[in-house]
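Novice: Make a model of this:
(one chain, ligands or ions: 1)
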Amino acid sequence: MTAELMNGKELAASKQAEMKERVQALTEQGIVPGLAVILVGDNQASQTYVRSKQRSCEKAGIHSELRHLSEETTEEELLNHIRELNEDPTIDGILVQLPLPKQISEQAVIEAISPAKDVDGFHPISIGKMMTGEKTFLPCTPHGIIELLKASNVDIAGKHAVVVGRSNIVGKPVGQLLLNEHATVTYCHSRTPDLNAITKQADILVVAVGIAKLIKKEDVKPGAVVIDVGMNRDENGKLCGDVDFADVEEVASHLTPVPGGVGPMTITMLLENTIESAINRS
Ligand SMILES: Nc1nc(=O)c2c([nH]1)NC[C@@H]1CN(c3ccc(C(=O)N[C@@H](CCC(=O)O)C(=O)O)cc3)C=[N+]21
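Specialist: Below is the predicted model of the structure:
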């Protein structure tokens with residue numbers, strides 16, 4: 001068997017083309033959706049991601065504003081930027097690029113963002129609503145994964161979903177969204193003994209741990225759907241995921257590539273949340 005590719009790049013492009021029309025209609029009504037991105041410091045990867053988010057906004061007709069602050073920025077200075085953007089009527093979404101320098105508490109920063117502008121879906125109020133299934137901004141990577149599964153006609157209800165990784169931005173929330181879709185969900189992480197005994201049971205396997213090529217074909221049940229959230233560099237400096245693609249391709253029924261899988265869907269969901277927020281402007 002050779003796995004069917006779950007093409008996130010293609011789905012993202014078609015969704016973004018639709019969004020462009022919605023933005024155009026909104027703009028004609030005098031509402032230009034606006035996203036503010038705050039980047040603290042000079043982390044190379046962060047700068048690349050932020051640039052790519054801005055390019056996507058621009059293409060869709062969404063106004064984007066970048067505030068690039070120095071590595072030495074204090075928590076209070078950053079909080080003042082957030083307070084200002086919370087009150088800015090031209091801004092519908094606020095994204096503070098993570099990770100932040102160590103002098104700044106990420107949790108304090110996330111909690112300062114108005115839930116009405118929390119397009120990352122990281123605020124405790126957004127997380128709480130996600131857990132109870134109320135309407136809210138969903139975190140972009142987990143939401144993008146659900147959209148990719150649905151577009152690939154993968155049934156989620158009743159399936160055993162195994163999530164490897166328990167970060168607040170991917171692992172934990174993707175498990176919750178899979179549960180909301182009626183999967184049976186198992187979480188695995190760095191303290192899980194005998195990881196492979198569990199991953200092999202997965203009908204849907206989501207891997208978000210940041211270890212290059214951790215998952216091999218012997219860790220995957222034949223016919224499983226495998227979602228790779230990893231963004232690593234391999235021994236040759238090439239971008240690669242947490243899943244050994246060439247290996248797992250032989251056993252999975254569906255598999256996301258890196259790049260071109262989950263990453264482009266993340267950005268798409270960010271744009272969607274920003275547009276949704278603009279529609280709800282009051
Ligand atoms: N507040 C906040 N929100 C985030 O959503 C957030 C964050 N902080 N910090 C960092 C992570 C990472 N992240 C990615 C988004 C898109 C790609 C993406 O589009 N990747 C392309 C490849 C990019 C390349 O070629 O380097 C792909 O997978 O095809 C990757 C990574 C968002 N994050």
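
Novice: What parts of the stretch 151-282 of the chain come near the ligand?
Specialist: 231, 239, 258, 259, 260, 263, 264, 266, 267 (CB under 6 Å from any ligand atom). Quick note: C-beta positions are derived from backbone N, CA and C, even for glycine.

Novice: Next one: the fourth one from residue 131, what distance?
Specialist: By that I understand residue 259. 31 Å (CB to CB, to the nearest Å).

Novice: now residue 141
Specialist: Using CB to CB, residue 141 is found at 17 Å from residue 131.

Novice: how about the helices in the stretch 51-200 of the chain?
Specialist: Assigned by DSSP state H, counting those that start in this stretch, the stretch 51-200 of the chain shows helices spanning 75-87, 106-112, 124-132, 140-151, 171-180, 195-199.

Novice: Can you tell me the number of residues neighbouring residue 186?
Specialist: A count of nearby residues for residue 186, using other CB atoms under 10 Å, gives 16.

Novice: Now do the residue lying closest to it once chain neighbours are set aside against the ligand, distance only.
Specialist: In space, and not counting its chain neighbours, residue 186 is closest to residue 162: 4.9 Å by CB to CB, 6 or more residues apart in numbering. Per CB to the nearest ligand atom, to the nearest Å, residue 162 is found 22 Å from the ligand.

Novice: What distance do you get for the residue in the stretch 151-282 of the chain that the ligand sits nearest to to residue 104?
Specialist: Relative to the ligand, the nearest point of the stretch 151-282 of the chain is residue 263 (2.2 Å; CB to the nearest ligand atom). As judged by CB to CB, residue 263 and residue 104 stand 25 Å apart.

Novice: Between those two, tell me which one has more neighbours.
Specialist: Neighbours per residue, other CB under 10 Å: of residue 263 and residue 104, the larger number sits with residue 263, 24 against 21.

Novice: mind listing what that one touches?
Specialist: Residues near residue 263 by CB atoms under 8 Å, 6 or more residues apart in numbering: 8, 231.

Novice: Next up, phi/psi of it, please.
Specialist: Residue 263 has phi and psi values of phi -50, psi -50 when expressed as degrees, to the nearest 10.

Novice: Give me the neighbour count for residue 154.
Specialist: Look at residue 154: counted by other CB under 10 Å, it has 18 neighbours.

Novice: Please enumerate the strands of the chain.
Specialist: 4-5, 34-40, 63-69, 93-96, 160-164, 184-188, 204-207, 225-228, 232-233, 239-240, 254-255 (DSSP state E).

Novice: For the last one, which strands pair with it and how are they oriented?
Specialist: Just to be clear, that refers to strand 254-255. strand 4-5 (parallel), strand 225-228 (parallel) (DSSP bridges).

Novice: on that earlier part again, compare the helices of the stretch 51-200 of the chain and give me the one nearest residue 273.
Specialist: Residue 273 lies closest, by CB to CB, to one member of those: helix 140-151, at 7.0 Å.

Novice: Now do the buried residues in that closest one.
Specialist: 140, 141, 142, 143, 144, 145, 146, 147, 148, 149, 151 (16 or more other CB atoms under 10 Å).

Novice: before we move on, the earlier item: I'd like the helices of the stretch 51-200 of the chain laid out as a markdown table, including mean pLDDT.
Specialist: Shown next, in a markdown table, are the helices of the stretch 51-200 of the chain (pLDDT from 0 to 100):
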| stretch | mean pLDDT |
| --- | --- |
| helix 75-87 | 98 |
| helix 106-112 | 98 |
| helix 124-132 | 98 |
| helix 140-151 | 98 |
| helix 171-180 | 98 |
| helix 195-199 | 98 |
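
Novice: of all of the stretch 1-150 of the chain, which residue lies closest to the ligand?
Specialist: Per CB to the nearest ligand atom, the residue of the stretch 1-150 of the chain with the smallest distance to the ligand is residue 98, at 3.8 Å.

Novice: which ones are touching that residue?
Specialist: 106, 169.

Novice: re the thing from before, most widely separated two among the residues of the stretch 151-282 of the chain next to the ligand?
Specialist: 239 and 267 (15.6 Å).
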